[in-house]
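Asker: sequence? don't have it. structure:
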């Protein structure tokens, strides 16, 4: 295996991997909504386990948030999220404030820099469906790399906080940038397309120019 950490802002994704992968797809990690009666669960200092979170939260699409809270596009919503966590120099404070409004409706923003609880299980299932008996889990810089059985990957909740999930033959890669709210899926286009449709994953295809900071054009509209 000869893979690199997730590209940084300003680095085009497919060329960064020297076109090792035929295609790339940006998977938007879902927002999640909780019931008012479960509010106290999420206000405790100890965050619920992933297995419990899946039971307590309902995934919500970016398109739903765009429609309900009057965003113009996924680019504007992504820029709002990045502004809200102070991940970019040229922030839009008005857009960031809309994230607070979303949270007031018992809706959590997507996790940034970690795999969403729902998507993590989907990614492991995809590798299982492809016939892999084990999976490679790696941290951001590939300092810690573990090959574990698929069954163990499903059970071990801490693996969700890794930043890379790779097939043992390096043909499929799920990777996430530490300040981003999406996952990059890389692999053969036919395979990627099959699973995007099967699991109804929200997002868009990478062009040769798509980089991690794909919502950057919004910055050009700010004074």
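Answerer: The structure has been received and is ready for your questions. Owing to the predicted nature of the structure, the values given are computational and were not obtained by experimental measurement. Numbering: from 1, shown residues only.
Asker: need the three-state assignment for residue 55.
Answerer: The three-state label for residue 55, taken from DSSP: H, G, I helix; E, B strand; the rest coil, comes out as helix.
Asker: show me what the worst-scoring helix or strand of the chain on mean pLDDT is packed up against.
Answerer: Per-element confidence for the chain was summarised using mean pLDDT, DSSP states H and E. The lowest value among helices and strands belongs to helix 50-56, with a mean of 84. Under the contact criterion of 3 or more CB pairs under 8 Å, 6 or more residues apart in numbering; DSSP states H and E, the helices and strands touching helix 50-56 comprise helix 39-43, helix 117-129. In this view, the C-beta of every residue, glycine as well, is placed from N, C-alpha and C.
Asker: what would those helices look like in TSV with mean neighbour count?
Answerer: Supplementary listing: the helices and strands packed on helix 50-56 in TSV, determined by neighbours: other CB atoms under 10 Å:
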stretch	mean neighbour count
helix 39-43	11
helix 117-129	20
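Asker: partner residues bridging the spatially most central residue of the chain?
Answerer: The residue at the geometric middle of the chain, judged as the C-alpha nearest the mean C-alpha position with CA atoms, centre = their mean, is residue 182 (2.8 Å). With DSSP bridges as the criterion, the beta-bridge partners of residue 182 are residue 28.
Asker: next, please give the residue ranges for the strands of this protein.
Answerer: 23-28, 31-34, 57-60, 107-108, 134-138, 145-149, 164-166, 173-175, 182-187, 203-205 (DSSP state E).
Asker: chain center to the second one, what's the gap?
Answerer: With CA atoms, centre = their mean, to the nearest Å as the basis, the distance from the averaged C-alpha position of strand 31-34 to the chain average is 15 Å.
Asker: show residues contacting it.
Answerer: 41-42, 53, 56-62, 64-65, 102, 105-110 (CB atoms under 8 Å, 6 or more residues apart in numbering).
Asker: cool, and the last one?
Answerer: Strand 203-205 is contacted from outside by 23-28, 74, 182, 196, using CB under 8 Å, 6+ apart.
Asker: of these, closest to residue 171?
Answerer: The shortest gap between residue 171 and any of the contacts of strand 203-205 belongs to residue 23, at 11.9 Å (CB to CB).
Asker: contact partners for the closest one?
Answerer: When contacts are counted by CB under 8 Å, 6+ apart, residue 23 touches 14, 186-189, 192-193, 205-206.
Asker: could you check how far residue 7 is from residue 214?
Answerer: Here the criterion is CB to CB, to the nearest Å. By it, residue 7 lies 11 Å from residue 214.
Asker: residue 15 now?
Answerer: Look at residue 15 and residue 214: by CB to CB, they are 14 Å apart.
Asker: and stretch 137-146, average pLDDT?
Answerer: Computed over stretch 137-146, the mean pLDDT rounds to 90.
Asker: again with stretch 186-201
Answerer: The predicted model assigns stretch 186-201 a mean pLDDT of 98.
Asker: residue 115 versus residue 136, what's the distance?
Answerer: Residue 136 sits at a distance of 14 Å from residue 115 (criterion: CB to CB).
Asker: so the residue nearest to the centre of the chain sits right up against residue 29, yeah?
Answerer: Yes. With contact taken as CB atoms under 8 Å, residue 182 and residue 29 are classed as touching, separated by 5.8 Å.
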